[in-house]
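>>> Structure, please.
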Amino acid sequence: MINRALIRLKVVQLIYAYYQNEGKTTEVALKELDFSLQKAYDLYRLMLLLMVELRRRAERVDAAREAKKLRVGGGDAPSNDKLLANNLFLKQLAENEELLEFEAAQKWNWNSEDTFLKKLYDAWLNDDIFLRYVDTKVHDYESDRELVRKLYKNHVEKSEEFDALLEEQSLYWNDDKEIVDSFVVKTIKRFQPENGAAQELLPAYAAQEDQEFAGRLFKITIERCDELRELVKNNLKKWQFNRIAFMDLVVMQIALAEILEFPSIPLNVTFNEYLDIAKVYSTPRSAGFIHGVLEGITKRLKEDGILLK
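Okay, the predicted model is just below:
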């Protein structure tokens, strides 16, 4: 689940913080990088558990309604709460062995956010998508899974209120949710009924080399700092080095470390990834400035035979 886009984002954040804290050692910063990436994976599993918790709420609400029906009488038509509780995808997710093992080891869970959960639960049940689903009368695994995917995108992925709630729980989650949401949706699509409780979730890293990429990129950026910044300084046109926004310098330093240290990564991939980060974390004009400087540097490196890609 932890892909290179997320790794680059974390490296930029923590390299920036490293230079802001002069007393921090590289070893401590690397541990913080690992911890930050692990927190992102924790968030992925917590977002899956959020859907499990909504189903548990549906079970409780429906059970209370059934108990009341026994006391005072009522119709036999299934409630919308029961329909959500009986959602075939959610039932499989709630039984997932890997997810339940993770939940058992957590100190924090969604029960502490009851007010928010109730609001989200009501939003799901009152969504037009859910109401149309109720009217179809055909509720198989595929339609149940698609229903959850759409409700998640409408009320979790696009929720600013939810983003704020996560930020209160962990500063590490401040910028993770957009990427994590995409992997939650991918996971929903991957689930197959025949896999039952043994359905595999996405692993923390798709490959061992991705985990190694994180630490190596961080270390090279620090170790070759003077060399990388000199490249920037020598390729500035009509601009003074000491006037560069510090975040712009950090982004260029990391991008150059990747370009020089990882020859198998295409230049356009590196350029695009760090320009996207600059658009979010730096000034409105930063992306254009960074692109121009990096383009000039890579052109010269190719001419000098240092860069072969």
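
>>> Report the rounded mean pLDDT for stretch 189-199.
Taken as a whole, stretch 189-199 has a mean pLDDT of 98.

>>> May I have the distance across it, first residue to last?
Stretch 189-199 has its terminal residues 12 Å apart, counting by Cα to Cα, to the nearest Å.

>>> hmm, who's touching it?
With contacts defined as Cβ atoms under 8 Å, 6 or more residues apart in numbering, stretch 189-199 is touched by 88, 89, 92, 93, 95, 96, 97, 141, 145, 149, 202. Just so you know, the C-beta spots here come from the backbone N, C-alpha and C atoms, and that holds for glycine as well.

>>> Equivalent analysis for stretch 231-251, please.
The contact list for stretch 231-251 (Cβ under 8 Å, 6+ apart) reads 12, 15-16, 19, 229, 252-253, 256, 274, 277-278, 281-283, 286, 289-290, 292-293, 296-297, 300.

>>> about what we covered before: show me how to select, in PyMOL, the buried members of the contacts of stretch 189-199.
Burial among the contacts of stretch 189-199 is assessed by 16 or more other Cβ atoms under 10 Å; the matching PyMOL selection reads:
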select buried, resi 88+89+92+93+96+141+145+149+202
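
>>> Spatially, which two of the contacts of stretch 189-199 are the most separated?
Using Cβ to Cβ, these span at most 21.9 Å, a distance reached by 97 and 149.

>>> which element is the nearest residue in space to residue 179 that is not next to it in sequence on?
Leaving aside its sequence neighbours, residue 179 sits nearest to residue 6 (Cβ to Cβ, 6 or more residues apart in numbering; 5.0 Å). Using DSSP states H and E, residue 6 sits in helix 4-20.

>>> Can you give me the buried ones in the helix or strand bottoming out on mean pLDDT in the chain?
Ranked by mean pLDDT, DSSP states H and E, the weakest helix or strand in the chain is helix 160-169, scoring a mean of 82. Under the neighbour-count criterion of 16+ other Cβ under 10 Å, helix 160-169 has 162, 163, 166 buried.

>>> With distance to residue 81 as extra columns, can I get these in JSON lines?
Listed next are the buried residues of helix 160-169 as JSON lines, based on distance: Cβ to Cβ, whole Å:
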{"residue": "162", "distance to residue 81": "22"}
{"residue": "163", "distance to residue 81": "27"}
{"residue": "166", "distance to residue 81": "26"}
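
>>> and the strand or helix carrying residue 56, what does it pack onto?
Element membership for residue 56, per DSSP H and E: helix 26-72. Under the contact criterion of 3 or more Cβ pairs under 8 Å, 6 or more residues apart in numbering; DSSP states H and E, helix 26-72 touches helix 4-20, helix 80-85, helix 88-94, helix 97-104, helix 114-126, helix 177-190, helix 208-223.

>>> Please list the residues outside the last one that contact it.
Spelled out, it's helix 208-223. By Cβ under 8 Å, 6+ apart, helix 208-223 touches 2-4, 7-8, 10-11, 14-15, 18, 26, 29-30, 33-34, 37, 204-205, 228, 253-254, 257-258, 260-262.

>>> and what of the third one?
For helix 88-94, the surrounding residues in contact (Cβ under 8 Å, 6+ apart) are 48, 51-52, 54-56, 84, 99, 139-141, 144-145, 147-148, 188, 191, 193, 195-197, 199.

>>> For it, the averaged confidence score.
Average pLDDT, helix 88-94: 98.
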